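Asks: Next input, structure requested:
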Amino acid sequence: MKKLRFTAFVILAALPFAFWLALPAPAADATKTTFDHFTTGFPLTGAHARAQCDTCHVGGIFRGTPRDCERCHIQGNRMGGESKPANHIPTNLACDQCHRSTASWAVVRFDHTTVTPGACTQCHNGRMATGKPSNHMPTALSCDSCHRTTAWVPSNFNHATVTPGSCVTCHNGSQATGKPTNHVVTAASCDLCHRTTAWVPATFSHATVTPGTCATCHNGSQATGKTSAHIPTTTSCDACHNTSTFSTSSFKHTAAQGVLPGQCLTCHNGAYTSENARGKPKDHPKTTASCDQSGCHNTRTFSK
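Replies: Residues are numbered from 1 along each chain as shown. As a prediction, this is how the structure comes out:
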């Protein structure tokens, strides 16, 4: 009897579960059905695609839902869309005249063709739109005197009204490009060597330079110096080179310059890049004689 009662208890306990299994599957939620919004003439893109339906269709009302930005994104709108902030540039233009993407408000393009020249700061005041940074060079000029509406940089500044010798007023390294750390040591004004069209090339008058002091600047870091393939010498640069060009050089083959008869190969060995230190060519007659042996070469030219 106990076994029969236990079996009956198990059967009765399992009946509700069996009944639940026999029930038909619930119908799909009508609110979860896929709807192609493109068919309405208003395709959902960007942030619109992520918004809940009832954000725009309040109370399940579809007819009469606004399609223009302003009616949804106006302050106090019933759809709850973001509205124009208090520090927005004053304008009556439609939102999509400047905001070209529904993914973000930050994607903005403004047509400046109707803006009055010189009126940039009405919007570019640092609150409504990017304004002059704190390290901007001191000037009362309008933004469009130097900048363009396509981008802040590069900018173009007319130096015609700048007082000669006052370059460092702006070109101090913080407001505008200044003298680099490896610049030639000088107290001269920038415009003595540089031009307003570009920093390079620069021209320097060597008229006031003390003879024999070339290496003070021409040390390879501040200005072009002696190359690794240069002929070994302790002579000053200006003993051979001139201030107009390094490539044209002249060397006096005298005892005072340390040149002794029969020592030509010390420099004329073909190892140095200077045109004036050429060595014996491959087609030279075989000889162990010195270059300056009587009847062969002289110090003025190899060809004789």
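Asks: Okay, now the unreliable bits of this structure?
Replies: Within the chain, the stretches with pLDDT under 70 are 1-33, 80, 273-276, 304.
Asks: where do the strands sit along it?
Replies: For the chain, applying DSSP state E gives no strands.
Asks: the helices in it, which residues?
Replies: Assigned by DSSP state H, the chain shows helices spanning 2-22, 47-50, 53-56, 69-72.
Asks: how close does the closest residue to Asp111 other than its chain neighbours get to Asn77?
Replies: In space, and not counting its chain neighbours, Asp111 is closest to Gln97: 7.7 Å by CB to CB, 6 or more residues apart in numbering. For glycine as for every other residue, the C-beta is placed from the backbone atoms N, C-alpha and C. Gln97 sits 19 Å away from Asn77, going by CB to CB, to the nearest Å.
Asks: what's the distance between the residue sitting nearest the centre point of the chain and Pro261?
Replies: Centroid-nearest residue in the chain: Val153, 9.6 Å away (criterion: CA atoms, centre = their mean). With distances taken as CB to CB, Val153 is found 64 Å from Pro261.
Asks: and what of Gly81?
Replies: 97 Å.
Asks: The two: which is more packed in?
Replies: Gly81 (18 against 11; other CB atoms under 10 Å).
Asks: The more buried one: what's it in contact with?
Replies: 55, 72-73 (CB atoms under 8 Å, 6 or more residues apart in numbering).
Asks: from the residues you listed, which is closest to Ser174?
Replies: His73 (41.2 Å; CB to CB).
Asks: distance of the residue nearest to the closest one when sequence neighbours are not counted from Ala106?
Replies: Closest residue to His73 apart from its sequence neighbours, by CB to CB, 6+ apart: Gly81 at 4.5 Å. Taking CB to CB as the measure, Gly81 falls 16 Å from Ala106.
Asks: Could you do Thr55 as well?
Replies: Applying CB to CB to Thr55 and Ala106 gives a distance of 21 Å.
Asks: As CSV, could you dump the C-alpha coordinates of stretch 94-102?
Replies: Provided in CSV are the C-alpha atoms of stretch 94-102 (Å, rounded to 0.1, in the frame of the first residue of the first chain):
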residue,chain,number,x,y,z
ALA,A,94,18.4,74.4,-39.9
CYS,A,95,20.5,72.0,-37.9
ASP,A,96,21.5,69.9,-40.9
GLN,A,97,23.0,72.9,-42.6
CYS,A,98,26.0,72.4,-40.4
HIS,A,99,25.6,69.1,-38.6
ARG,A,100,25.9,66.7,-41.5
SER,A,101,26.0,63.4,-39.5
THR,A,102,23.4,61.8,-37.3
